[in-house]
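Peer 1: need a structure here:
(one chain, ligands or ions: 3)
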Amino acid sequence: MTSLTAIDFTETDLDALAGAAGKLAILVTDDGKLDPAGRRVNRLTKGAVARLVDSDRWGKVKVGEGFTMGFPAGLEAKALLVVKLDRRPSVAEARKAGASLAKFKGKGALTICTGATTRIAELALGLVLRAYTFDAHKSGDKTELEGALIHCAKPDEAKADLGAAMAVAEGVVFTRDLVNEPSNILTTQEFADRLEAMKDLGLEVEVLEEADLEKLGMRTLLAVGQGSESPSKVVVMSWNGGGKEKPLALVGKGVVFDTGGISLKPAAGMENMTMDMGGAGVVSGVMKTLALRKAKANVVGLVGLVENMPDGRAQRPGDVVTSMKGDTVEVINTDAEGRLVLCDVMWYAQERFEPTGMIDLATLTGAIIIGLGHENAGVFSNNDDFCKAFLKSAEAEGEGAWRMPLGAAYDAMLKSRVADMKNVGGRDAGSITAAQFLQRFVKDETPWIHLDIAGVASVKSDTTLAPKGATGWGVMALDRLIRDEYEE
Ligand code: BES
Ligand code: MN
Ligand code: ZN
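Peer 2: Ligands and ions are numbered 1, 2, ... in the order given. Down below sits the predicted model:
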């Protein structure tokens, strides 16, 4: 697993810039005037920085982005990166500037000098998140960020803010590592083990095994896993940092690999289904962040861990299974397995914890990718206020989220000839009928949000804060929601 690297802060020392080894980044404002570091480096480079800032090229550089000069004369550094950043940047701008610096990871020290007076920890967060690599299974040299020394006006303030920012980064990286991990390594057992290890952070972690799930009546969840050698599990993580109030419940789909089961998926692209535990990955990452920053809130995270395999013991299309709630489901398509896992875990979460709100996350449908691509997760909710609060948090964190409708006409598409419902509603409105299925397992009094993250959990090209692969989408939005709505 990736370890987060040492970031340190120091008071701006202009004399040190000439001799900074490795790579040097200066962050200059867009107001036409160079800040002190800009002026100093400009003098050392005999005017190169001023020429850059006066050029047409600089006009095209967006705030938070930069321009690299190799082996600059007058400096010890092997490369100089000049980044455009205002003195008081927004959160997004500071993170983006940090992300721009991540191209300087790899061998050698990184020295950063910024005239920005606020949000230095956000800059560090952007750097760490964008410098992330998943190279656990690559032999040879690793190109990780080795560390960075940030020169700024108020290093003590930045240091104090870094703790919370790094708690967020650790959570996001935990999620990404889980989502990127191949399925022969991240089995249900390995997943549960990695969650149990978080007991060291003060989280309560409880693993329910198949016999326990059988006793609870979680037949729809067990049916999904019955064709796999890996035992199905439900892991319950509790963080009790608040008062006596009931918790917020987070529920995640943790299909460690989704072959489709007997309704087997086509071979092309099936390898991407290692990420089908993305919902469980986000829940786990959020719990880690809450524990690391000792959040003053009560949150319980539940993940349903199963593997969907074809086998002599696997469930068949046409099978009728009884959920923990007692409702029966006709399994038309064994590839619509996520909802079968979630419905039992969601019901259990409500019965046991009576949560003040419940948010489930799942890489649930290919249809949400058709609808929203990789820019936005699908958001479904039975409660406008709850939903608005989440959308606000997602927007503040720059994580795309778009509300989708629910309604009785969609629910009617789940009517079954032989059971209380079918597990699929046909091709039309596939993401909505999946959400309608889940809503049948939400009590009327539970404010609920369903996040279909199939398009955003893992992506094929780099984003501002993540290299291609797992993004950790949702960790920051949910942490923000908890900070803003559940903590005093
Ligand atoms: N895990 C998939 C959804 C998925 C697709 C996630 C692509 C990420 C990328 C889910 O279990 C699934 O197979 N859904 C089916 C539902 C259908 C059978 C009703 C789908 O979307 O095709
Ligand atoms: Mn499936
Ligand atoms: Zn799936």
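Peer 1: okay, the closest residue to G278 other than its chain neighbours: pLDDT?
Peer 2: In space, and not counting its chain neighbours, G278 is closest to A457: 3.3 Å by C-beta to C-beta, 6 or more residues apart in numbering. Every C-beta, even on glycine, is put in place using the N, C-alpha and C of the backbone. With respect to pLDDT, A457 scores 98.
Peer 1: Now A389: which helix or strand?
Peer 2: A389 is located in helix 384-396, with elements delineated by DSSP states H and E.
Peer 1: Tell me the residues of this protein that contact ligand 2?
Peer 2: 258, 335, 337 (C-beta under 5 Å from the ion).
Peer 1: Let's see if you can find the most crowded of those.
Peer 2: E337 (29 neighbours; other C-beta atoms under 10 Å).
Peer 1: Among the residues of the chain next to ligand 2, which ones lie close to ligand 1?
Peer 2: Restricting these to those within reach of ligand 1 (C-beta under 6 Å from any ligand atom) leaves 258, 335, 337.
Peer 1: Report the beta-bridge partner residues of the nearest residue to A362 once chain neighbours are set aside.
Peer 2: The shortest distance from A362 to any non-neighbouring residue, by C-beta to C-beta, 6+ apart, is to K253 (3.6 Å). K253 has the following beta-bridge partners by DSSP bridges: G304.
Peer 1: State the mean pLDDT of the helix holding A389.
Peer 2: Taken as a whole, helix 384-396 has a mean pLDDT of 98.
Peer 1: which sections of this structure are below the confidence cut-off?
Peer 2: Scanning the chain for pLDDT under 70 picks out the ranges 1-3.
Peer 1: Output the set of residues of it in proximity to ligand 3.
Peer 2: 255, 258, 276, 338.
Peer 1: got JSON lines for the residues you listed, with distance to M237 and secondary structure too?
Peer 2: Shown next, in JSON lines, are the residues of the chain next to ligand 3 (distance: C-beta to C-beta, whole Å; DSSP: H, G, I helix; E, B strand; the rest coil):
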{"residue": "V255", "distance to M237": "18", "secondary structure": "strand"}
{"residue": "D258", "distance to M237": "23", "secondary structure": "strand"}
{"residue": "D276", "distance to M237": "20", "secondary structure": "coil"}
{"residue": "G338", "distance to M237": "20", "secondary structure": "helix"}
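Peer 1: Can you tell me which of the residues you listed is closest to G217?
Peer 2: G338 (19.3 Å; C-beta to C-beta).
Peer 1: What strands line up against whichever helix or strand comes after the helix holding A389, and which way round?
Peer 2: As assigned by DSSP H and E, the chain's next helix or strand after helix 384-396 is strand 401-403. Using DSSP bridges, the strands paired with strand 401-403 are strand 377-381 (parallel).
Peer 1: Is the partner strand positioned near ligand 1?
Peer 2: No - figure legend: strand 377-381 not in contact with ligand 1 (C-beta under 6 Å from any ligand atom); closest approach 11.7 Å.
Peer 1: Check the gap between the closest residue to ligand 3 within the chain and I453 for me.
Peer 2: Relative to ligand 3, the nearest point of the chain is D258 (3.7 Å; C-beta to the ion). Distance, D258 to I453, by C-beta to C-beta, to the nearest Å: 14 Å.
Peer 1: State the number of residues packed around G140.
Peer 2: With neighbours defined by other C-beta under 10 Å, the count for G140 comes to 6.
Peer 1: would it count as being in a helix?
Peer 2: No - counting by DSSP: H, G, I helix; E, B strand; the rest coil, G140 is not part of a helix but coil.
Peer 1: Going by residue numbers, what spans are strands in the stretch 251-400 of the chain?
Peer 2: Here the stretch 251-400 of the chain has its strands, by DSSP state E, counting those that start in this stretch, at 298-308, 320-322, 328-330, 357-362, 377-381.
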